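Novice: Let me see the structure of the following:
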Amino acid sequence: MHWYAAAQLSSPETYFQTAAFCLVVAVTLIAVGRHQRRTGRSIINPDRPVRVADVLLPEAQPRKSKRVTGRIYLFFGWFLVLGVVINLINGIRAARG
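Specialist: Coordinates of the predicted model:
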């Protein structure tokens with residue numbers, strides 16, 4: 001049987017920079033996804049009560065589509081956490097060898 005060594009495709013710094021960027025995006029997506037899944041409201045436009053001509057209009061009801069969007073954000077956020085782990089492993093392996 002033949003033993004093949006894995007080719008180093010990038011420097012360790014590249015792997016660590018990619019892991020850091022993925023971590024920032026993943027934390028953001030997970031935070032936004034958790035907020036939308038819990039509340040059913042967008043983090044950008046939270047549907048607060050609005051005052052029009054001295055009358056306070058009530059906020060809109062939470063929407064199911066926002067909760068589904070929150071779950072999608074959570075999925076992609078946790079998927080990027082997997083990318084962080086893989087990039088950290090590759091960076092450590094590239095630094096050692």
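Novice: drop to CA atoms for contacts and neighbour counts, all remaining ones
Specialist: Noted.
Novice: Give me the helix or strand of this structure that scores worst on average pLDDT.
Specialist: Within the chain, no helix or strand scores below strand 50-52, which has a mean of 70 by mean pLDDT, DSSP states H and E.
Novice: List the neighbouring strands of the helix or strand just after that strand plus their orientation.
Specialist: Note on strand 50-52: by DSSP states H and E, the next helix or strand toward the C-terminus is strand 55-57. Applying DSSP bridges, strand 55-57 is found paired with strand 50-52 (antiparallel).
Novice: partner residues bridging V55?
Specialist: V52.
Novice: Find the residue closest to P12 in space, skipping its chain neighbours.
Specialist: G91 (4.5 Å; Cα to Cα, 6 or more residues apart in numbering).
Novice: Now do the helix or strand that that neighbour is a member of: which elements does it pack against?
Specialist: Assessed by DSSP H and E, G91 sits inside helix 64-96. When contacts are defined as 3 or more Cα pairs under 8 Å, 6 or more residues apart in numbering; DSSP states H and E, helix 64-96 packs onto helix 12-39.
Novice: For this protein, give me the ranges with low pLDDT.
Specialist: Applying pLDDT under 70 to the chain flags the ranges 1-8, 45-50, 60.
Novice: 80 instead?
Specialist: Residues of the chain meeting the criterion pLDDT under 80: 1-10, 40-63, 97.
Novice: Now for the nearest residue to A95 once chain neighbours are set aside: which residues touch it?
Specialist: Using Cα to Cα, 6+ apart and skipping residues adjacent in sequence, the residue nearest A95 is P12, 5.6 Å away. By Cα atoms under 8 Å, 6 or more residues apart in numbering, P12 lies in contact with N90, G91, I92, A94, A95.
Novice: Buried ones among these?
Specialist: Neighbour-count burial (16 or more other Cα atoms under 10 Å) applied to the contacts of P12 gives N90, G91, A94.
Novice: now the second one: how far from L80?
Specialist: Plainly put, G91 is 16 Å away from L80 if you go by Cα to Cα, to the nearest Å.
Novice: now R93
Specialist: In terms of Cα to Cα, R93 sits 20 Å off from L80.
Novice: more crowded one of these two?
Specialist: More neighbours surround L80 than the other of R93 and L80, with 22 against 13 (other Cα atoms under 10 Å).
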